Each structure stands twice: as C-alpha cells, then as structure tokens.
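>>> sequence and predicted structure are below.
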Amino acid sequence: MIFSRVKPKEITVKETYRYNANIISGKVEIKPTEKPEGKIEIIIPYSGKEHFTKQAVKDIEKQDADIWKNDSETHINIGYLVFLDYNDTDLDQRLELDVCNDAIAITIPVLNDKIKDKESLCDGRHECRRFQEYIPTLPDINPVDMRIEPFDDNIWEELRIDKFKRLTNIDESDTNDSEFDRYENTTKIFAQQEGFQRGLGFGIELTLFLPDDLHEKMFSTLPTLSNMEIQWPVTTSHHQITLYVQREEKEVHYVPDGQGTVKWDDVPFKVVKRKPEGSTLDEYSTPPMTLAVKQPGELYDKDSLKGELEISIPVALSGLHLHYFEANGNESEHEIEYSSKIQVKFELKELADSFKDRINVPYQHLQFEGVILDKMRIKDIENVLKDLGFGKLTRKLSFEGNTLNGSVITGKQKIGVEELFLGLVIFGSKTQTTRESEIPGGKKFTTDVETGHTTISMRGRLKGNNSSLIKIMNEFQSKLREQFRHVVAID
C-alpha cells in the first residue's frame, strides 16, 4: 500500500433520531418511528493546494514511480480513523472493531475511469467522498419531551411579560412595604386593559434529556431548535401571527403555499439541571415560546394541528468519538465535526377539547368614587377575598410620603384539581372638596372635606372551567361594592 500526506477537507459524524408525538389535552406520548441513522463522511478535494497537494503527489511517486502506468484502479492510504465509545452503535459488527482493532485505514483512488493521470489529482475538478453508515442504539429514555398548549385570548400577552409570574413571586416573608417599587412597572402594565389584544395563543416548550458525559463534549455550544413548522389549516396573514421567545418578539414566517405553514428557527436551549441526584441525564430546555394568533376564526373548528420540529445537538448522541491519524502516524489536529438531529412529527389532537381546557385570563376594572384608599380598605378587600375561599394572601403596599396610594394583593385557591389565581392591582388618590351645610335660621357653613377615588384592576387565571372563575370575580365585585357603599355612606 502506498501512503501519502493528503489532508481531508471535512470529517463529519452525523446521527438522526426520528420520533412521533401525539398530544391530547396536554398529555404527550412520544415514540420512535424507525431505527436511528448514523453516517461518517470524509471529503477530500483533488485540489493541488491545501488538501491533495503537489507534495502528496511526490509522496506517491517516491514509493512507485510507475504508478501512472497502471491499467487498473489504484488506491492509496491517507491515514487512519480510530474509533472510541462506539458501544452504542453497530460499528463493531460492520467494521469488525474490538479492543485490539479499533482503527480503520482511509484509502482513496488516484487512478480510475475519471482520474487518468497525476495532473487530475491537482486540477480541482474532482473530489472523493468516503461514507460509513451505521445504526446508533436508541436511547433508553426518550431524549425529547414537549409541551404545546392553547391559551385564552389574552394569555399570550400575559406570558410575554410574565405578569402573573412576577406577581405570584412576591416574597411573602418580606414585610418591607417599600419593596412594592420592585413590582411597580409590572403592576402598571398588568392594569392596562388596552395592552391585551384579542386572539389565541399556543404555549410551546421543549425539553432534552442527554447523558451527562455529552456535556463536556459540547464545549460551549448548546443544543438548538433548528426548525419548527406547524401546518396552518386556516387562511391567515403574517400580520396576524406573532412569536415571542421568553419576553422578546422573534421572527416567524407564514408560508401560504399549499396548506399553509407557520415556521421559525434558531431557538437555543439552556441548561436546566446538570445530572439531578439519582440520574445520569442532564436536562436542557428552550425558553417558553408563545405563538400568538389574532382573529383565529375557523381554527376553533379544526380537529387537529400537525407539525414537525428539528433539534440540533453538537455531539453524536450515541457518544461515538473519533481520532484521525495522518499517513505518517501522527495524530492530526483536524477538527472532526459531530452533530445529531432529533426530528419529531407531532399532532395536537382533539383540538376542540384542548380549547375547552385552555387557561382563561378574564379582566375586570372596578372604580369606587368617594372611597379613600387606606389600610382599613385594604383589610376590607382581604376580608372579602378570604370569605370567597382565598386562604393565604400576599400583599405589597405603596406609599407616597405617609399616604398609601397603591397595593398588590394576590390569592390562590383550588377549583377541583386546578389552581385558581386572582391578582388585584389597586391604586388610590385623595382630593379635597367642600361640603356646605345649613343650620336652623338659614345660616350656612362650608367645611373642607377629604375624599378619594380607588380603582382595582383584577385578573383571574384558571385552566378549563371559565364560568367558575367569572362567578368568583363577580361575587368579589358585588361584595366589595356593598362593603364600600357602606363605607361611603358612613363618611
């Protein structure tokens, strides 16, 4: 065998894993659809420069000066691939690998029906591609999980700025009322009814479970949602569809051709848990994605939504690792590129039932003329909430000088198996007015009187049974109006 210092342009290891996912009422069933596929590919251009150089031609001629006179196809050795961590593949059977024999020679043609002479090796018109296919072993645990859940018309905007999350994270042990300032911007947005646009939202989140030893092999590159497509069964326009990743708007495309498709890409995962106790798997997750649809119309009448996604992982999921040694026996510094694709075809079934089970976020705005906001009125509000079944409440107060001018109160209670959340953002103002009174004899007196105005922006959140939530909100409004009517009457 003739050896030559030819350098590959690329050495790649690619694996593909395919799954189907059925999603019914929030429950996800994911199964593999076929055997995984693996491919090792080596590309060597006959360029005369960086890869197949003139020096490489001289290496050949030094070993066989008459090689170009051969009538048959002739190959040379350009190096070796050493296989490591191949136990979760069938490469040991395909290549007869074992502990004592884990290296495979890389040979390429220098004479055949297309390469007629040594000039053909350096003219840049030819390229050699070497393939080795294999089958990786399926992971014992499905490496991917997903959540796709429809939301009420207003919920997508709420998710985008995390209103409920911020309000429910009020530190109940923190008694410093001035800490209200930390939530001030959130409460102002929470109370703006016009900021909530009508439409439908889909909450989407993907999770990966990868062997912990792959984390170091990925270096600083994390998995990425490289493609997401949803077949859109109703006619719409790109103006009616918005995508939010975490709190940021992200580019999304609506392709109307054929059935219509909504698609986006390039959403990086983040590390959630490094090897939780008792596990050998690391957990990765995408940020929450929210697909917002204005005027969904006929979508409510459809039976299902279908789509497909692809996750790119910068390692071989099987754990396969290679070393490349040049023809002279030296280990090459050539970077070998590893990648795995997890492809999932999914279907959100029984869509009508999913819409019935979606999270509802109704809004009510209450105004109380003549009611001065103070700690007694806050106590009145809390008492009404407790009467309605809200046990543990969280509260923050806002002061201007010594004057109470705002508060946030949140409460939770169970409705069946679901948790109902109620959030109140309360603002108050004071004004001075005059009151005229007349005593017997016709003499009139004018007295300065302090009055006020209190507003409450109320949002509830409950999955499924919207009527229960509306009933509780209406009861709260009715009871509080009766209480505050009594207060104004006394004043």
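Received, thanks. Residues are numbered from 1 along each chain as shown.

>>> pull the contacting residues for residue 342.
Taking CB atoms under 8 Å, 6 or more residues apart in numbering, we find residue 342 in contact with 17, 19, 143-144, 208, 310-311, 313, 317. The C-beta positions use only the backbone N, C-alpha and C, and glycine is treated the same way.

>>> that one: which element?
strand 337-349 (DSSP states H and E).

>>> which residues does whichever helix in the chain runs longest contact?
Longest helix in the chain, counting residues (DSSP state H): helix 466-490. Residues outside helix 466-490 that contact it (CB under 8 Å, 6+ apart): 152, 360, 362, 364, 366, 368, 370-371, 377, 380-381, 384-385, 387-389, 415, 420, 422, 454, 456, 458, 460-462.

>>> okay, and which of those residues map to strands?
360, 364, 366, 368, 415, 420, 422, 454, 456, 458, 460-462 (DSSP state E).

>>> of those residues, closest to residue 223?
Comparing these against residue 223 with CB to CB picks out residue 461 as the nearest, at 31.2 Å.

>>> find the residue closest to that closest one in space, skipping its chain neighbours.
In this structure, residue 461 finds its nearest non-sequential neighbour in residue 421, 4.3 Å apart by CB to CB, 6 or more residues apart in numbering.

>>> what about that neighbour, how many neighbours?
20 (other CB atoms under 10 Å).

>>> ok, now residue 364?
16.

>>> just send the contacts of residue 342 back as a markdown table, with distance to residue 116, pLDDT and neighbour count too.
Listed next are those as a markdown table, based on distance: CB to CB, whole Å; pLDDT from 0 to 100; neighbours: other CB atoms under 10 Å:
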| residue | distance to residue 116 | pLDDT | neighbour count |
| --- | --- | --- | --- |
| 17 | 43 | 98 | 26 |
| 19 | 48 | 97 | 20 |
| 143 | 49 | 95 | 23 |
| 144 | 50 | 96 | 22 |
| 208 | 50 | 95 | 24 |
| 310 | 43 | 98 | 17 |
| 311 | 46 | 98 | 25 |
| 313 | 43 | 96 | 25 |
| 317 | 43 | 96 | 26 |
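
>>> tell me which entries of these lie within strands.
With strands taken from DSSP E, the overlap with these comprises 17, 19, 144, 208, 310-311, 313.

>>> break down the stretch 101-250 of the chain into its helices, ranges please.
Counting by DSSP state H, counting those that start in this stretch, the stretch 101-250 of the chain has helices at residues 155-160, 163-168, 184-190, 214-217.

>>> what mean pLDDT does the third one have?
Meaning helix 184-190. Averaged across helix 184-190, the pLDDT comes to 57.

>>> just stretch 58-65 next, same as before
91.

>>> show me what contacts residue 21?
Contact criterion CB under 8 Å, 6+ apart gives 28-30, 146, 344-347 as the residues in contact with residue 21.

>>> let's see it at 10 Å
If you count contacts by CB atoms under 10 Å, 6 or more residues apart in numbering, residue 21 has them with 28-31, 142, 144-146, 148, 307-309, 344-348.

>>> and residue 117, by the same measure?
Taking CB under 10 Å, 6+ apart as the test, what residue 117 contacts is 68, 110-111, 123.

>>> now the buried members of those.
110-111 (16 or more other CB atoms under 10 Å).

>>> show me which of the contacts of residue 117 is closest to residue 324.
Taking CB to CB as the measure, residue 324 lies nearest residue 110 of these, at 19.8 Å.

>>> just checking, residue 58 is part of a strand?
No. Secondary structure of residue 58 (DSSP: H, G, I helix; E, B strand; the rest coil): helix, not part of a strand.

>>> for it, what are its contacts?
By CB under 10 Å, 6+ apart, the contact set of residue 58 is 4-5, 118.

>>> tell me the one of these nearest residue 325?
Nearest to residue 325 among those: residue 5, at 11.9 Å, using CB to CB.

>>> about what we covered before: neighbour-wise, which one of the contacts of residue 58 leads?
That'd be residue 4 among these, by other CB under 10 Å, with 25 neighbours.

>>> find the nearest non-adjacent residue to that one, please.
Closest residue to residue 4 apart from its sequence neighbours, by CB to CB, 6+ apart: residue 59 at 4.1 Å.

>>> now residue 114
Sequence neighbours aside, residue 126 is the residue nearest to residue 114 in space, at 6.4 Å (criterion: CB to CB, 6+ apart).

>>> what's across from that neighbour in the sheet?
Here residue 126 sits in beta bridges with residue 46, as judged by DSSP bridges.

>>> touching, it and residue 43? I think so.
No. Using CB atoms under 10 Å, residue 126 makes no contact with residue 43, being 11.7 Å away.

>>> higher neighbour count, the two?
Here residue 126 and residue 43 are compared on neighbour count by other CB under 10 Å; more neighbours surround residue 126, at 17 against 14.

>>> where does the prediction get shaky in the stretch 301-450 of the chain?
401, 435, 439, 441-442 (pLDDT under 70).

>>> mind listing the helices for it?
Counting by DSSP H, counting those that start in this stretch, the helices of the stretch 301-450 of the chain are 351-356, 375-387.

>>> make JSON lines out of those helices and add distance to residue 240 and mean neighbour count.
Converted to JSON lines, the helices of the stretch 301-450 of the chain look like this (distance: least, CB to CB, whole Å; neighbours: other CB atoms under 10 Å):
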{"stretch": "helix 351-356", "distance to residue 240": "18", "mean neighbour count": "16"}
{"stretch": "helix 375-387", "distance to residue 240": "38", "mean neighbour count": "16"}
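
>>> export those to a markdown table and tack on distance to residue 337?
Output for the helices of the stretch 301-450 of the chain, formatted as a markdown table (distance: least, CB to CB, whole Å):
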| stretch | distance to residue 337 |
| --- | --- |
| helix 351-356 | 40 |
| helix 375-387 | 59 |
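
>>> tally of neighbours for residue 54?
By other CB under 10 Å, neighbour count at residue 54 equals 12.

>>> ok, it touching residue 118?
Yes. If you go by CB under 10 Å, residue 54 and residue 118 touch, sitting 9.2 Å apart.

>>> quick one: the most centrally placed residue in the chain from residue 146, how far?
Nearest residue to the geometric centre of the chain (CA atoms, centre = their mean): residue 286, 3.0 Å. The gap separating residue 286 from residue 146 is 9 Å, by CB to CB, to the nearest Å.

>>> spell out which residues are contacts of both of the two.
Counting by CB under 10 Å, 6+ apart, the residues touching both residue 286 and residue 146 are 204-207, 311.

>>> need the pLDDT of residue 154.
If you check residue 154, the pLDDT there is 53.

>>> residue 45: what's it in contact with?
Applying CB under 10 Å, 6+ apart, we find residue 45 in contact with 6-10, 51-52, 124-129.

>>> now it: how far from residue 113?
In terms of CB to CB, residue 45 sits 19 Å off from residue 113.

>>> the stretch 1-150 of the chain: strands as residue ranges?
Remark: strands assigned in the stretch 1-150 of the chain by DSSP state E, counting those that start in this stretch are 10-24, 27-32, 37-46, 74-84, 103-111, 126-134, 144-151.

>>> return the set of buried residues in stretch 461-471.
In stretch 461-471, counting by 16+ other CB under 10 Å, buried: 461-466, 468-469.

>>> bridge partners for residue 438, pull those for me.
Residues in beta-bridge contact with residue 438 (DSSP bridges): residue 444.
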